[in-house]
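Engineer: Need a 3D model of the sequence below.
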Amino acid sequence: MHILIPVLPLVAQELVVSPGKIQLTITLYLFGIAGGQLLYGPVSDKSGRRSTLLATPALFVGAGAVAGWATSIATLVSVRIVQAVGGCGGLVLDRAIVRDSSASGEAASRMALLTIVQSLAPGIGPAVGGLLGAWPGRDPRPIPEQTAGDNYCDLKGGNMAIVEAEPYPFHLDPAHASLVIIDVQRDFLEPGDFGAALGNDVSLLRRTIVPTRRLLQAVRAAGLSVIHTREGHRPDLADLPPAKKARGRLVAGIGDPGPMGRILVRGEPGHDIIPELYPLPGEPVVDKPGKGAFHATDLDAMLKNRGIAQLIVSGVTTEVCVNTTVREANDRGYECIVVADCVGSYFPEFEEMGLRMIKAQGGIFGWVAPSEAVSAAPPATRS
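Structural biologist: Sure thing, here's the model as predicted:
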């Protein structure tokens, strides 16, 4: 357990889960320890101390190996409970063996020595875990450190950069650019919520979380403007057009009770942004009643007041809210570069066509580039 503690944030990032969910690997591990100790007493009395003690490491090591290859939080938590049951055998049986085998007057001193040895693991474990977490090559896609000598975009210095994009290179001006993250809301991305209830595979949207988080971290570190949007409506639904309410003839639609409160209603848990990409204090959140982020909002005024002329666009879904926002921005004179691996759709063919429409005819609505190209853009030559 202790070796895992320092790397919990890294595990949460790789499994794309919230900090609260990854903490379950500790909480349920402790419950497994408690339950296992109740089990091993009767088992060892019946089967023998040593044979039971020799079997428990196999359970612990086997579950640990599976945990190392876990690709979901459910798998990781499950095998951690099994690992706890295997690991707690020593806590019970070694003391029982010491008591059974010690002569009168020796049990206390031997028990004290055993406790000292067992106390070493909690002290050493976190240090080992920290070293393993920082092991070279653990993260194959780290965010590059940007210094004056690197061949990367100097975002902090505000230098112009050339992003290798389609249909042709995009000249990024960090001093006048903003990252816009569109509608990464729990109603759309959380398993079992509104999007999933419609029969959609939310994993197709959740694959964007890791690259978007990397991009968001880089942009925040460089001091660029970040703006978030949420699609939703007033609690009284006064801003919900009847045509939108009737769309799809849904059993549970906008304003109706859903898994996380009323669906797409401001102030409800499902309307909020997912924890993995949650805004920092001071980062504006634009609540929009429509597909486009400019319709019936103050986004245009916010961007103009900040001197923003270029938008780095990410979010969901590619063919609906992302495409609509990019088209609105284009009509208002903004240059948009859409980050291909940071946008997603429930329908892969719609995502492909949505990106193709943006960059078609020489970039009729904007540019498209992967997140690596945005982060690793070489400085532009100034005249």
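Engineer: which residues of the stretch 51-200 of the chain fall in strands?
Structural biologist: With DSSP state E, counting those that start in this stretch as the criterion, the stretch 51-200 of the chain has strands at 161-163, 170-172, 177-182.
Engineer: What residue spans form the domains of this structure?
Structural biologist: Residue ranges for the domains of the chain, per automatic domain parsing: 5-133, 161-375.
Engineer: Averaging pLDDT per element, find the lowest-scoring helix or strand in the protein.
Structural biologist: Within the chain, no helix or strand scores below helix 8-15, which has a mean of 67 by mean pLDDT, DSSP states H and E.
Engineer: Helices of the stretch 151-300 of the chain, start to end?
Structural biologist: Assigned by DSSP state H, counting those that start in this stretch, the helices in the stretch 151-300 of the chain fall at 186-189, 194-197, 203-206, 209-222, 242-246, 299-305.
Engineer: for the ones you listed, which one ends up most surrounded?
Structural biologist: Across the helices of the stretch 151-300 of the chain, the average number of neighbours (mean count of other Cβ atoms under 10 Å) peaks for helix 186-189, which reaches a mean of 26. For glycine as for every other residue, the C-beta is placed from the backbone atoms N, C-alpha and C.
Engineer: In contact with Leu264: list those residues for me.
Structural biologist: 187, 194, 231-233, 254-255, 270-271 (Cβ atoms under 8 Å, 6 or more residues apart in numbering).
Engineer: Next, count neighbours for Asp100.
Structural biologist: Neighbourhood size, Asp100 [other Cβ atoms under 10 Å]: 9.
Engineer: My guess is His171 contacts Ile162. True?
Structural biologist: Yes: if you go by Cβ atoms under 8 Å, His171 and Ile162 touch, sitting 6.2 Å apart.
Engineer: hey, least reliable of the domains of the chain by pLDDT?
Structural biologist: Ranked by mean pLDDT, the domains of the chain bottom out at domain 5-133, which scores a mean of 75.
Engineer: and the gap between Val98 and Trp367?
Structural biologist: From Val98 across to Trp367, the span is 70 Å (Cβ to Cβ, to the nearest Å).
Engineer: Those two: which is more packed in?
Structural biologist: Ranked by neighbour count (other Cβ under 10 Å), Val98 and Trp367 place Trp367 first, with 27 against 17.
Engineer: For the more buried one, list the residues it contacts.
Structural biologist: Trp367 makes contact with 163, 165-168, 170, 335-338, 358-359, according to Cβ under 8 Å, 6+ apart.
Engineer: go with 7 Å
Structural biologist: Neighbour list for Trp367: 165-166, 170, 337, 359 [criterion: Cβ atoms under 7 Å, 6 or more residues apart in numbering].
Engineer: for it, phi and psi?
Structural biologist: Torsion angles at Trp367 (phi, psi; degrees, to the nearest 10) stand at phi -120, psi 160.
Engineer: Equivalent analysis for Gly282, please.
Structural biologist: Dihedral angles (degrees, to the nearest 10) for Gly282: phi 100, psi -10.
Engineer: and it, how many neighbours?
Structural biologist: Counted by other Cβ under 10 Å, the residues lying close to Gly282 total 6.
Engineer: Would you check how far apart it and His228 are?
Structural biologist: Per Cβ to Cβ, Gly282 is found 12 Å from His228.
Engineer: Also Met160?
Structural biologist: In this view, Met160 and His228 are 26 Å apart by Cβ to Cβ.
Engineer: Settle it for me: which of these two has more neighbours?
Structural biologist: Of the pair Met160 and His228, His228 is the one with more neighbours under other Cβ under 10 Å, namely 24 against 16.
Engineer: Distance check, the more buried one against Gly41.
Structural biologist: Distance from His228 to Gly41, by Cβ to Cβ: 54 Å.
Engineer: what does Asn200 give?
Structural biologist: 49 Å.
Engineer: who has more neighbours, the two?
Structural biologist: For the pair Asn200 and Gly41, the greater number of neighbours falls to Asn200 (16 against 13), based on other Cβ under 10 Å.
Engineer: The more buried one is in contact with Tyr346, isn't it?
Structural biologist: Yes: with contact defined as Cβ atoms under 7 Å, Asn200 reaches Tyr346; the gap is 4.0 Å.
Engineer: any idea which helix or strand comes after whichever strand or helix holds Glu351?
Structural biologist: Element membership of Glu351 [criterion: DSSP states H and E] is helix 348-363. Sequence-wise, the next helix or strand downstream of helix 348-363 (DSSP H and E) is strand 367-369.
Engineer: What's the local residue count around the residue nearest to Val66 when sequence neighbours are not counted?
Structural biologist: With Cβ to Cβ, 6 or more residues apart in numbering as the criterion, Val66 has its nearest non-adjacent residue at 4.5 Å, and that residue is Val79. Other residues lying near Val79 total 20 when counted by other Cβ under 10 Å.
Engineer: Show the contacting residues for Val79.
Structural biologist: 63, 66-67, 70.
Engineer: So which of the residues you listed sit within helices?
Structural biologist: Of the contacts of Val79, the ones assigned to helices by DSSP state H are 63, 66-67.
Engineer: closest to Thr318 among those residues?
Structural biologist: Ala67 (34.6 Å; Cβ to Cβ).
Engineer: Spit out the contact partners of that closest one.
Structural biologist: Taking Cβ under 7 Å, 6+ apart as the contact definition, Ala67 lies against 76, 79-80, 83.
Engineer: Please apply the same query to Pro257.
Structural biologist: With contacts defined as Cβ under 7 Å, 6+ apart, Pro257 is in contact with no residue.
Engineer: Which strand residues bridge it?
Structural biologist: Arg262 (DSSP bridges).
Engineer: For Tyr29, give me phi and psi.
Structural biologist: Backbone torsions for Tyr29, taken as degrees, to the nearest 10, come to phi -60, psi -40.
Engineer: what does Gly315 give?
Structural biologist: Residue torsions, per degrees, to the nearest 10, at Gly315 are phi 130, psi -160.
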